[in-house]
Structure formats: structure tokens, C-alpha cells
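J.: Sequence isn't available, so here's the structure alone:
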């Protein structure tokens with residue numbers, strides 16, 4: 001639904017030449033309206049000029065593109081390449097140009113509210129993702145610094161100071177571009193202020209250098225993922241020498257911990273890391289997926305005095321002691337999102353697992369149990385464990401060997417969850433050949449009866465429909481969900497992994513020769 005005012009704004013921006021010519025006569029309180037109208041209509045030239053002449057003290061993309069009284073369309077998921085480029089280049093022009101309309105009041109640009117999604121509903125059908133936005137903002141900062149060296153630069157430029165709040169994503173390919181922008185921040189009118197920091201495919205030396213440049217004292221989220229070879233001793237050094245007083249969320253790369261390789265003296269290091277984590281008093285989200293932590297969860301989590309709301313410990317080789325600790329820990333009653341994928345929870349430690357579910361039932365909103373060997377003989381027990389979780393919004397259980405009948409039983413129960421919005425369910429076992437074994441490899445995963453599965457899916461949707469729950473989204477993403485960051489940097493990720501394999505083979509050959 002659009003107001004007459006917004007429709008008039010759309011009409012204005014659609015005539016590009018006229019809009020650019022008459023923008024200087026527009027009242028400053030109409031600029032937010034014109035910006036959203038031009039963004040919706042993908043008028044990149046008008047977007048550029050609106051930002052260049054922006055008359056207000058704040059420019060918050062989440063507020064500008066979100067649903068408003070004048071236009072209910074939420075454009076925060078539309079990171080259109082052309083529109084975002086025009087916006088950021090308009091910001092550069094705002095700093096360097098001589099304003100003939102309003103006094104420059106802009107002090108804050110907030111880019112944190114936009115979201116990267118798989119499909120872009122724009123004409124160019126191309127997005128400017130988090131990695132590309134980081135690189136472009138860094139280049140613009142550098143361009144402004146170079147322009148300031150000119151003899152013809154307007155002296156007023158040196159008095160401009162605009163903070164750019166943004167989520168920064170750096171890899172080896174963008175490192176050399178981003179570092180100078182952070183290093184010279186105090187001299188540049190445009191100042192990158194990192195709210196969330198994600199790093200991938202980067203050497204540890206580079207990581208330790210750049211993490212101090214992003215002002216860790218104000219970081220709220222830190223993600224070190226995939227091809228960052230951070231291990232336990234590196235993490236201890238990082239947490240010892242760098243302070244993160246505002247950190248809410250921490251993601252560590254796969255194999256950051258591997259207790260199978262611990263020497264007796266390393267146990268003290270593990271305990272020390274737990275103590276260091278306890279100093280992150282605002283930390284409530286922790287991802288340790290694909291680390292081997294058998295019997296050591298208590299050492300890491302028990303020192304924490306702030307309860308965790310998000311805990312991702314998929315494929316961590318947990319044992320009875322770990323599950324017993326989790327079920328009885330202070331975190332259990334505060335958990336909102338829990339990922340225990342890769343653990344045989346129903347067979348190996350049913351009592352402690354269901355105790356954990358029971359204690360988390362009043363807060364739990366998201367539960368992921370992928371490849372947990374949940375079969376038909378566990379379904380009734382699973383239903384009993386899930387029923388108290390009335391706040392559950394999403395449930396993911398791909399890769400479990402359940403039959404069509406078991407899935408129907410589960411969906412009949414799902415229909416009664418008042419807040420449930422999203423389900424990821426597996427292809428049923430009876431859709432695969434009789435000799436199939438779990439967990440499924442990639443080749444076996446796609447070797448199922450497509451027609452039979454489609455009929456099953458329709459029956460499951462009918463169960464939800466008959467319960468008036470068509471609002472629940474149901475999916476079976478066999479190879480996982482779309483990850484915007486991985487998709488954007490997949491080529492670099494592949495090259496880095498290939499180089500890592502070559503280095504490992506070379507090292508192996510050299511040791512063999514000796």
C-alpha cells in the first residue's frame with residue numbers, strides 16, 4: 001500500500017532529467033521519501049544525487065528502506081548492485097562536492113540493517129554483497145583521501161566527519177584494500193566503524209593485525225570462519241591481548257579445538273580460554289561447530305557468568321559428560337537457538353538430551369538436529385520432548401533416517417506449535433533404495449525416488465493446510481541453505497582450499513623424502 005505522497009514521489013524520480021534538475025528545490029524533509037521511491041524504481045542517477053545533496057544528520061538504510069507509513073514495501077533485502085553503487089558513490093560526492101542547497105549536516109551513515117538474500121527482486125538481478133560493500137566503501141575512503149591532496153579541494157572537506165556503521169567482511173583478496181582505509185581513518189572524512197566483523201581465507205598474521213584496526217572495543221559480533229587456521233593456542237593469544245568488551249557473538253572456525261591432540265599441559269590452556277571467555281560479559285552467542293570437544297564442554301562454558309542464548313555445537317563429538325553438563329548448566333534455561341547436529345542424541349544420551357530440551361522449553365525458538373540418527377523408533381520420544389517447546393519457530397532435522405509415516409506423525413504435531421514458521425525435513429528413508437546407509441554421502445543423497453517424495457511432500461503440506469497452518473514454510477535443502485557470504489566469495493574459498501591441499505601434499509612428500 002502506498003500513500004498519494006509516495007506515488008507522487010515515484011512520479012517525480014521516474015523523470016530522471018527533471019528530478020536531477022529540480023532536486024535542489026525539494027524540502028529537506030522529503031528526501032527520505034524520494035530516496036525510497038528512487039530505490040524502489042531503481043533510479044540510480046537520482047539515488048546518487050539525493051545522497052550527494054543529503055540535508056539531514058543521519059542516513060540509516062534500515063529506516064529508509066524498511067516498511068513505512070507511506071510505503072509498506074520492505075526493501076532491506078534488496079541489495080541491488082546498481083542502487084547500492086549509486087548510493088555509496090553519492091556518499092563520496094557528498095563529501096567532495098560544494099553543496100549549493102543545504103548545509104552539510106550528515107554525521108552518521110548506518111549500513112547495518114540491510115540483509116543479503118539469494119534472489120534479488122531488481123532489474124539487474126545482481127547484488128552488492130557484504131564483501132563487495134566492504135571493499136567499495138574502503139575504495140571510496142581511499143579515493144576521498146587522494147582527492148584531498150589536490151590544490152583545488154574545498155577546505156570545508158577537512159571539517160567533515162561522517163561515521164559509517166557497517167558489517168565488515170574481509171578475505172585475503174580484499175585485505176590490501178581495506179587495511180589502508182582503516183589505518184588512515186583519523187585523516188579521512190568518511191570513517192568506517194565496524195559493528196560486526198567476518199573474516200575468511202586470511203592468514204593468522206593478517207588477522208591479528210586487522211582485528212586491532214577494526215576497533216575491537218566496539219565490536220558486537222566476530223566471525224572467524226572456514227579458511228582461517230585458528231587453533232586453540234592462537235585463540236588464547238587473541239583473547240589475552242585483545243579486549244572485546246561489547247562482543248555479543250563469537251564464531252570460531254572448524255577444528256579450532258581438537259582435544260584428541262591435547263597434551264597434559266594443554267588442559268591448562270583450555271581452562272584459561274574458558275576464563276578469558278568469561279570476561280566477555282556481554283557474550284550470549286557462541287558457535288563452536290566442527291571442533292572436537294569430547295568431555296571438555298564444561299571447561300569452556302562453566303566459567304561463563306552470562307547465560308548463552310545461542311549455542312552451536314554441531315559435530316563436536318560430545319559425550320555423556322558433555323550432555324549432562326549442558327542439561328544442568330545455567331545456559332539451558334536461556335537458550336533460544338541450539339544446534340546439536342551430528343550427535344546421536346536419542347540413542348546415546350536420551351535422558352540428558354530431553355532434560356536439556358525440557359529446561360530450554362520456555363525460551364527455545366530454533367532447534368537443529370541434522371544427521372542425529374533419529375529414526376522411527378525415536379519419533380514418539382521426540383514428540384514428547386518437543387511438545388513443551390511452545391515458542392519454537394524453526395525446526396531443522398535433515399539427514400535423519402525417518403519414514404514417510406513418521407514424518408506425517410511429526411507434521412501432525414508441528415501444526416499445533418503456535419509460533420512455528422519454518423521446517424527443514426529430510427527425504428524419507430523409504431524414498432531411497434533398501435540398501436542405503438546413513439549418514440548419506442553426496443552421491444547417495446540425491447539418489448531417491450523423486451515422484452514418491454513429491455507425493456509425500458504434498459501429503460505433509462495437506463496436513464498443515466487442514467490445520468490452517470499454510471503459514472509454515474517447509475523445505476528440504478539437500479545441500480544446505482543459501483549462504484550469502486560463502487556464495488559471494490566461493491571462488492576465493494575454492495582457490496584457498498586447493499592451495500591448502502597442495503601445501504599439505506607438499507609437506508607430506510617432503511617428510512616422506514626425509
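T.: Thanks, I have the structure now. What you are looking at is a predicted structure, and each value in this text was computed from that prediction instead of being measured.
J.: and the residue lying closest to residue 62 once chain neighbours are set aside, how many residues sit next to it?
T.: Closest residue to residue 62 apart from its sequence neighbours, by C-beta to C-beta, 6 or more residues apart in numbering: residue 113 at 2.2 Å. In this view, the C-beta of every residue, glycine as well, is placed from N, C-alpha and C. Per other C-beta atoms under 10 Å, the neighbour tally for residue 113 reads 15.
J.: next one: residue 154
T.: 15.
J.: same deal with residue 403?
T.: Residue 403 - counted by other C-beta under 10 Å - has 16 other residues nearby.
J.: from memory it sits against residue 431, does it?
T.: No. The pair residue 403 and residue 431 fails to qualify as a contact (C-beta atoms under 8 Å) at a distance of 9.3 Å.
J.: doesn't the residue nearest to residue 62 fall inside a helix?
T.: No. Counting by DSSP: H, G, I helix; E, B strand; the rest coil, residue 113 is not part of a helix but coil.
J.: Can you point out the helix or strand that includes residue 194?
T.: Counting by DSSP states H and E, the element that carries residue 194 is strand 190-200.
J.: That strand pairs with which strands?
T.: Sheet pairing of strand 190-200 (DSSP bridges) gives strand 162-170 (parallel), strand 221-225 (parallel).
J.: quick one: buried residues of the first one?
T.: Neighbour counts using 16 or more other C-beta atoms under 10 Å place 162, 164, 165, 166, 167, 168, 169, 170 of strand 162-170 among the buried residues.
J.: wait, what's in contact with the fourth one?
T.: Meaning residue 166. Going by C-beta atoms under 8 Å, 6 or more residues apart in numbering, residue 166 touches 111, 112, 133, 134, 137, 192, 193, 194, 195.
J.: For it, give me the pLDDT.
T.: Looking at residue 166, its pLDDT reads 98.
J.: So it versus residue 77, what's the distance?
T.: From residue 166 across to residue 77, the span is 17 Å (C-beta to C-beta, to the nearest Å).
J.: do the second one as well
T.: Residue 164 sits 21 Å away from residue 77, taking C-beta to C-beta as the criterion.
J.: Name the next helix or strand downstream of the strand holding residue 194, please.
T.: Following strand 190-200 toward the C-terminus (DSSP H and E): helix 204-213.
J.: just to revisit the earlier point, and the angle for the strand holding residue 194 with helix 204-213?
T.: 140 degrees (axes from the mean of the first three to the mean of the last three C-alpha atoms, to 10 degrees).
J.: tell me the average confidence for strand 190-200?
T.: In this model, strand 190-200 has a mean pLDDT of 98.
J.: just stretch 114-128 next, same as before
T.: Rounded mean pLDDT across stretch 114-128 is 86.
J.: and the nearest residue to residue 442 once chain neighbours are set aside, how far is that from residue 339?
T.: Distance criterion C-beta to C-beta, 6+ apart; nearest residue to residue 442, sequence neighbours excluded, is residue 479 at 7.7 Å. Between residue 479 and residue 339 the computed distance is 17 Å (C-beta to C-beta).
J.: Neighbour count for these two, which is higher?
T.: Neighbours per residue (other C-beta under 10 Å) separate residue 479 from residue 339, with residue 339 holding more: 22 against 8.
J.: Name whatever forms a beta bridge with the more buried one.
T.: Under DSSP bridges, the beta-bridge partners of residue 339 are residue 312, residue 368.
J.: residues in contact with it?
T.: The contact partners of residue 339, by C-beta under 8 Å, 6+ apart, come to 289, 311, 312, 313, 314, 367, 368.
J.: what's the most distant pair in those residues?
T.: Greatest spatial distance in the contacts of residue 339: 289 and 367, 15.0 Å, computed using C-beta to C-beta.
J.: ok, the two, which is more surrounded?
T.: Using other C-beta under 10 Å, the more surrounded residue of residue 289 and residue 367 is residue 367, with 21 against 18.
J.: Please name the residues that touch that one.
T.: Residue 367 sits in contact with 337, 338, 339, 357, 386, 389, 392, 394, 395, 396, where contact means C-beta under 8 Å, 6+ apart.
J.: Point out the ones among those that are inside strands.
T.: Assigned to strands by DSSP state E, the following of the contacts of residue 367 qualify: 337, 338, 339, 394, 395, 396.
J.: Nearest residue to the fourth one in space, ignoring adjacent ones along the chain?
T.: For residue 394, the nearest residue in space outside its immediate sequence neighbours is residue 422; the separation is 4.1 Å by C-beta to C-beta, 6+ apart.
J.: Surely the one you found and residue 469 touch.
T.: No. Look at residue 422 against residue 469 with C-beta under 8 Å: they stay out of range, at 11.9 Å.
J.: Neighbour count for these two, which is higher?
T.: Set side by side, residue 422 and residue 469 show more neighbours around residue 469, with 19 against 14, by other C-beta under 10 Å.
J.: Now the residue nearest to the more buried one when sequence neighbours are not counted. Its backbone dihedrals?
T.: Among residues not flanking residue 469 along the chain, residue 415 sits closest, at 4.8 Å (C-beta to C-beta, 6+ apart). Here is the backbone geometry of residue 415 (degrees, to the nearest 10): phi -60, psi -20.
J.: where's residue 415 relative to residue 85, distance?
T.: For residue 415, the distance to residue 85 - C-beta to C-beta - is 45 Å.
J.: repeat for residue 336
T.: 36 Å.
J.: who touches residue 114 in this structure?
T.: By C-beta under 8 Å, 6+ apart, the neighbours of residue 114 are 61, 62, 65, 76, 77, 79.
J.: change it to 7 Å
T.: Contacts of residue 114 were listed using C-beta atoms under 7 Å, 6 or more residues apart in numbering, and they are 61, 62, 76, 79.
J.: Can you tell me which of those residues has the most neighbours?
T.: residue 79 (24 neighbours).
J.: mind checking how far that residue is from residue 310?
T.: 24 Å.
J.: Now do stretch 465-475, average pLDDT.
T.: 97.
J.: what's the spacing between that stretch and its chain's center?
T.: Taking C-alpha atoms, centre = their mean, to the nearest Å, one finds stretch 465-475 lying 26 Å from the centre of the chain it belongs to.
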